[in-house]
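Student: Just a sequence and a predicted model for now, questions to come.
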Amino acid sequence: LSPVCLGSLRRAASINAEYDGAERHGYIKGIVREIIHDPGRGAPLARIEFKHAYRYGNRKELIVACEGMYTGQFIYSGAKAELTIGNILPISGMPEGTIICNLEESSGDRGKLAKASGNYATIIAHNIEAKTTRVRLPSGAKKTIRSNCRAMVGICAGGGRIEKPLLTRA
């Protein structure tokens, strides 16, 4: 048997829902249908079904799951979503010290930073005049990004996967 690259077995890219007018001025509601394992990735993925804002039907998105997310949970995405675990909202609406993951580097890129298992970023400060926010990344580096970039509240699931089990002998 020849070895197989695990990247070829991946389910799909994990990106946030597309940022549309319904999210800019309100929020859209989604439900977590299932949490799946993706080969070649440490963090599990959540398949979320959002109601379509303008047409009849649903939109299915694959997003990196955060700790505490479960099937059947309602997820709200948008500017007026409340600050609870799993919700996706602009970082301008979050207070300093909030733990976030799946952070957009530039507005509308659908999540690029702090997506590995167990990783998170922390909001340090907001600059209201310049409309920017200072964020501490998982590496410890501090980065200034625009305040209208979105992020998911919470820590990426799958942390502790590299920790070895405690072996005892009786």
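Tutor: That came through fine. Everything numeric here is computed off the predicted structure, so don't read it as measured data. Residues are numbered from 1 along each chain as shown.

Student: measure the closest residue to residue 121 other than its chain neighbours to residue 26 for me?
Tutor: Nearest non-adjacent residue to residue 121, counting by Cβ to Cβ, 6 or more residues apart in numbering: residue 114, 4.3 Å away. Yep, even glycine has a C-beta here, placed from its N, CA and C like the rest. Going from residue 114 to residue 26 by Cβ to Cβ, to the nearest Å gives 26 Å.

Student: Residue 100 is in contact with the residue nearest to residue 121, correct?
Tutor: Yes - contact criterion Cβ atoms under 8 Å: residue 114 and residue 100 qualify, at 7.0 Å.

Student: Residue 114 and residue 26: which is more packed in?
Tutor: Between residue 114 and residue 26, counting by other Cβ atoms under 10 Å, residue 114 is the more crowded of the two (24 against 13).

Student: Spell out the residue ranges of the strands in this structure.
Tutor: 27-36, 45-51, 58-64, 74-78, 88-90, 99-101, 121-127, 132-136, 142-146, 150-153 (DSSP state E).

Student: out of those, deepest packed?
Tutor: Across these, averaging neighbours per residue (mean count of other Cβ atoms under 10 Å) puts strand 150-153 on top, at a mean of 26.

Student: low pLDDT regions in the protein?
Tutor: Applying pLDDT under 70 to the chain picks out residues 1-8, 166-167, 169-170.

Student: Now with 80, please.
Tutor: 1-19, 161-170 (pLDDT under 80).

Student: on that earlier part again, which residues touch the residue nearest to residue 121?
Tutor: By Cβ atoms under 8 Å, 6 or more residues apart in numbering, the residues touching residue 114 are 100-103, 120-121, 137-138, 151, 156.

Student: just residue 32 next, same as before
Tutor: Contacts here follow Cβ under 8 Å, 6+ apart; on that basis residue 32 touches 46-48, 69-73, 75, 86.

Student: Distance-wise, check residue 81 relative to residue 38.
Tutor: Distance from residue 81 to residue 38, by Cβ to Cβ: 25 Å.

Student: So for these two, which residue has more residues nearby?
Tutor: residue 81 (22 against 17).
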